[in-house]
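**Q** Quick check, what structure comes out for this input:
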Amino acid sequence: MKSGVSSKAKKLLSNPRSTGGVGFHFEAHVQASFVALMLTGGYAPALPCWPIRQVKLQGKIDGFDTDDLVVYVRNGNTREECKLLGQIKHSIGFTKGNTVLAEVMYAAWSDFNNTVLFDKRKDAIALITGPLNETDAHNVVWLLDQARHTKDSAEFFRNVNQTRFSPSKAKEKLDVFRHHLKGANGNKKVADEVLYIFLNRFYLLGYDLGKEVGVVLSLLHSHISQFNSSYPQWAWSRVVDIVETWNQDAGTVTLEKLPQDLRDAFKQRPAASIPAEYVKPDVPRSTSSLTAQVSPLALAIAALVGQWDESNESDLDVIKRLIDGL
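**A** Model (predicted):
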């Protein structure tokens, strides 16, 4: 539904080389984080814990409006696939007058309604951003969590309208979503039920990347160190460098297409084994036992007799005849 959308809100296909500055630096590091997860066997947020199959950089060329990142994952058993569409913004504000947010909402709404490219049952759309102000971080995340944790739209809107239950700015931020989605929808109000479904598939992900230190960077180094414990920083820098290069050409990153030196850096380490001379040999256990030496039927006869006097010839004669008769 693109009619009526202002030219400011509609993002046109552009050459990724034309972008730069802090935003480009942040974007490249976020994109690289998904490539690193693909290399280490990690998982993408907002999707099932399935291996990352490929990372598409600049999805506009493939028809997506949410174009900075498209992450594809696949179930190794069933071969089922789903994807995460990511729009990356270093900073943004959740207000009605924020033109960057208008652009993000237009792109998200366009893809959400594209039944060829987006599956509303399992695909996800994410706004990936740096630090948000406290009001947005609390209220917007609360709204999205409520959408995913309520049984239906009626329960969701009831919770939002409960003054003592919802955060003070929750209704205000919900109106921001309504405002921008109305603009993306040809200036037509989006029905509550459809809005609820959209919020279920929309995620707000905060990344503190693009700096020398950060929580996400530390976790990525920890992932990488499972394969390259000596130089995780080098491996991460190599991933970032490749992503920056491929991003200029709107490339698609797969494991098979990555340079050999990088694939080698992420090979599984061979399992260490204890030298044979230090291994204590297994000593076979003795299988000798009373049951192995005496017939089970003879034991049964002895149990039935109960007791006898071994110095009494008559007792021994009876026992012998019973056993000989088996």
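**Q** Can you give the contact residues for stretch 252-265?
**A** Residues outside stretch 252-265 that contact it (C-beta atoms under 8 Å, 6 or more residues apart in numbering) are 35, 38-39, 53-57, 227-228, 235, 238-239, 242-243, 246. Where C-beta positions appear, they are placed from N, C-alpha and C, glycine not excepted.
**Q** buried ones in it?
**A** Thr252, Val253, Leu258, Leu262, Ala265 (16 or more other C-beta atoms under 10 Å).
**Q** who's Leu205 bridged to?
**A** Under DSSP bridges, the beta-bridge partners of Leu205 are Ile128.
**Q** Can you check the distance spanned by stretch 246-259, start to finish?
**A** 12 Å (C-alpha to C-alpha, to the nearest Å).
**Q** Distance from that stretch to the middle of the chain?
**A** 21 Å (C-alpha atoms, centre = their mean, to the nearest Å).
**Q** and the helix or strand where Leu220 lies, C-alpha only, in PDB?
**A** Leu220 is part of helix 215-225 when elements are defined by DSSP states H and E. C-alpha atoms of helix 215-225 as PDB (Å, rounded to 0.1, in the frame of the first residue of the first chain):
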ATOM      1  CA  VAL A 215      28.900  -5.800  25.700                       C
ATOM      2  CA  VAL A 216      27.900  -7.100  22.200                       C
ATOM      3  CA  LEU A 217      31.600  -6.800  21.100                       C
ATOM      4  CA  SER A 218      32.700  -8.800  24.200                       C
ATOM      5  CA  LEU A 219      30.200 -11.500  23.400                       C
ATOM      6  CA  LEU A 220      31.300 -11.700  19.800                       C
ATOM      7  CA  HIS A 221      34.900 -12.000  20.900                       C
ATOM      8  CA  SER A 222      33.900 -14.800  23.200                       C
ATOM      9  CA  HIS A 223      32.200 -16.600  20.300                       C
ATOM     10  CA  ILE A 224      35.200 -16.200  18.000                       C
ATOM     11  CA  SER A 225      37.600 -17.300  20.700                       C
END
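**Q** Please state the mean pLDDT value computed over that helix.
**A** Helix 215-225 carries an average pLDDT of 94.
**Q** mind listing what's buried in it?
**A** Val216, Leu217, Leu220, His223, Ile224.
**Q** what packs against it?
**A** Applying 3 or more C-beta pairs under 8 Å, 6 or more residues apart in numbering; DSSP states H and E, one finds that helix 215-225 makes contact with helix 21-40, helix 232-247.
**Q** So which of those is the most surrounded?
**A** helix 21-40 (a mean of 21; mean count of other C-beta atoms under 10 Å).
**Q** Could I get the full set of helices for the chain?
**A** 21-40, 99-112, 134-149, 153-161, 170-184, 192-201, 215-225, 232-247, 260-265, 290-293, 296-305, 313-324 (DSSP state H).
**Q** Please name every helix or strand in contact with the longest one.
**A** In terms of contact count using 3+ C-beta pairs under 8 Å, 6+ apart, helix 21-40 is assigned the packing partners strand 52-57, strand 69-74, strand 81-89, helix 215-225, helix 232-247.
**Q** ditto for the third one
**A** Packed against helix 134-149, as judged by 3+ C-beta pairs under 8 Å, 6+ apart, are the following elements: helix 153-161, helix 170-184, helix 192-201, strand 202-206.
**Q** Give me the angle between it and strand 202-206.
**A** Here helix 134-149 runs at an angle of 140 degrees relative to strand 202-206 (axes from the mean of the first three to the mean of the last three C-alpha atoms, to 10 degrees).
**Q** Pull out the buried residues from helix 134-149.
**A** Asp136, His138, Asn139, Val140, Val141, Trp142, Leu143, Leu144, Gln146, Ala147.
**Q** backbone phi and psi for Tyr207, please?
**A** phi -120, psi 130 (degrees, to the nearest 10).
**Q** of the buried residues of helix 215-225, closest to Phe112?
**A** Lowest distance from Phe112 to the buried residues of helix 215-225 (C-beta to C-beta) belongs to Val216, with 26.6 Å.
**Q** Tell me how far the closest one lies from Arg178.
**A** For Val216, the distance to Arg178 (C-beta to C-beta, to the nearest Å) stands at 31 Å.
**Q** can you check Thr99 too?
**A** 17 Å.
**Q** higher neighbour count, the two?
**A** Arg178 (15 against 11; other C-beta atoms under 10 Å).
**Q** close enough to count as contact, that one and Val190?
**A** Yes. Arg178 is within contact range of Val190, at 6.8 Å (criterion: C-beta atoms under 8 Å).
**Q** Can you lay out the buried residues of stretch 252-265 as JSON lines showing distance to Val73 and pLDDT?
**A** As requested, the buried residues of stretch 252-265 are exported to JSON lines (distance: C-beta to C-beta, whole Å; pLDDT from 0 to 100):
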{"residue": "Thr252", "distance to Val73": "14", "pLDDT": "96"}
{"residue": "Val253", "distance to Val73": "14", "pLDDT": "97"}
{"residue": "Leu258", "distance to Val73": "17", "pLDDT": "95"}
{"residue": "Leu262", "distance to Val73": "20", "pLDDT": "91"}
{"residue": "Ala265", "distance to Val73": "22", "pLDDT": "89"}
